[in-house]
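>>> sequence-free structure coming up:
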């Protein structure tokens, strides 16, 4: 990070901390990312975990999920989380998605404690 990027970045709750018993509970709503530039930095924080949680991201053309499709982070597809108390970081260039993104945590066996936060830099106008 450059010296001022941390100060300039905004934090957005993608998925509030939750004990997710199934995939629906570990899936966020659609997040409008059109006002950001540079890298979108996603932090996935898991606590106690039963089974595995497979992390995926989708993008769409609107906040209703129109045309939803998988989007691969810069680092490649994240590996499944199967160990408690992990932090996973991955990035997506803000110009790659079609305007909206959402997080999907595919729960094989639940519950899994999980939270997801997005750090991103607003566009300068």
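Yes, it's here. Fair warning: this is a prediction, and the values are worked out from it, not measured in the lab. Numbering: from 1, shown residues only.
>>> What's the separation between residue 8 and residue 36?
11 Å (Cβ to Cβ, to the nearest Å). C-beta: built from backbone N, CA, C; applies to glycine.
>>> Return the list of strands paired to the lengthiest strand in the chain, each annotated with direction.
Longest strand in the chain, counting residues (DSSP state E): strand 36-49. According to DSSP bridges, strand 36-49 forms sheet pairs with strand 86-93 (antiparallel), strand 112-122 (antiparallel).
>>> What residues does the nearest residue to residue 82 once chain neighbours are set aside make contact with?
Closest residue to residue 82 apart from its sequence neighbours, by Cβ to Cβ, 6 or more residues apart in numbering: residue 52 at 4.5 Å. By Cβ atoms under 8 Å, 6 or more residues apart in numbering, the contact list for residue 52 reads 80-82, 108-109.
>>> likewise residue 34?
Residue 34 neighbours (Cβ under 8 Å, 6+ apart): residue 99.
>>> Correct me if wrong, but it is in a strand.
No. Using DSSP: H, G, I helix; E, B strand; the rest coil, the assignment for residue 34 is coil, not a strand.
>>> Check the spacing between it and residue 13 real quick.
18 Å.
>>> And for residue 66?
Distance from residue 66 to residue 13, by Cβ to Cβ: 23 Å.
>>> again with residue 63
Counting by Cβ to Cβ, the gap from residue 63 to residue 13 is 16 Å.
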